[in-house]
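S.K.: with the input below, show me the fold.
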Amino acid sequence: MECKNCGTTLNEDVNYCSNCGARIIRKRLTFKNLSHDLIERYFDLDNTFLRTFIHMFTKPEQVIEGYISGIRRKYLNPISY
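M.R.: Below is the predicted model of the structure:
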């Protein structure tokens with residue numbers, strides 16, 4: 001592997017270039033990586049986005065009361081949603 005900043009040859013297990021100190025980015029911003037990230041973020045089974053969307057129509061009082069009472073990991077912010 002080569003450093004994109006200075007061209008120094010690097011080992012595969014390093015996170016920073018030993019010559020210039022630049023961070024080594026392994027997962028470049030490509031359409032494939034971006035689409036995979038978006039699908040994983042919004043359509044994953046353990047997903048707060050879909051859970052909030054579904055529960056806002058089926059039981060909105062539970063979502064809002066839960067969020068106000070401090071249940072932040074289960075739902076997204078229903079007010080900004």
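S.K.: chain center to stretch 53-68: distance?
M.R.: Chain-centre distance of stretch 53-68: 23 Å, with CA atoms, centre = their mean, to the nearest Å.
S.K.: mind listing what's buried along that stretch?
M.R.: For stretch 53-68, the neighbour count (16 or more other CB atoms under 10 Å) marks F53, H55, M56, V63, G66, Y67 as buried. (Glycine included, C-beta is placed from N, CA and C.)
S.K.: end-to-end on that stretch?
M.R.: Stretch 53-68 has an end-to-end distance of 17 Å (CA to CA, to the nearest Å).
S.K.: could you give the mean pLDDT of that stretch?
M.R.: Average pLDDT, stretch 53-68: 82.
S.K.: kindly report the same for stretch 36-45.
M.R.: Here the average pLDDT along stretch 36-45 is 73.
S.K.: so how far is that stretch off the chain centroid?
M.R.: That offset, for stretch 36-45, works out to 9 Å (CA atoms, centre = their mean).
S.K.: may I have that stretch as CSV, with CA atoms only?
M.R.: Only the C-alpha atoms of stretch 36-45 are listed here, as CSV (Å, rounded to 0.1, in the frame of the first residue of the first chain):
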residue,chain,number,x,y,z
HIS,A,36,-24.0,0.4,1.2
ASP,A,37,-23.7,2.8,4.1
LEU,A,38,-27.1,4.4,3.3
ILE,A,39,-28.9,1.1,3.0
GLU,A,40,-27.3,-0.1,6.2
ARG,A,41,-28.2,3.1,8.0
TYR,A,42,-31.8,3.4,6.9
PHE,A,43,-32.9,-0.1,6.1
ASP,A,44,-31.1,-2.2,8.7
LEU,A,45,-33.3,-4.5,10.9
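S.K.: just after the helix or strand where F57 lies, pick out the following helix or strand.
M.R.: Per DSSP states H and E, F57 falls inside helix 48-58. On the C-terminal side of helix 48-58, the nearest following helix or strand under DSSP H and E is helix 60-68.
S.K.: so what secondary structure elements neighbour that next one?
M.R.: helix 48-58 (3 or more CB pairs under 8 Å, 6 or more residues apart in numbering; DSSP states H and E).
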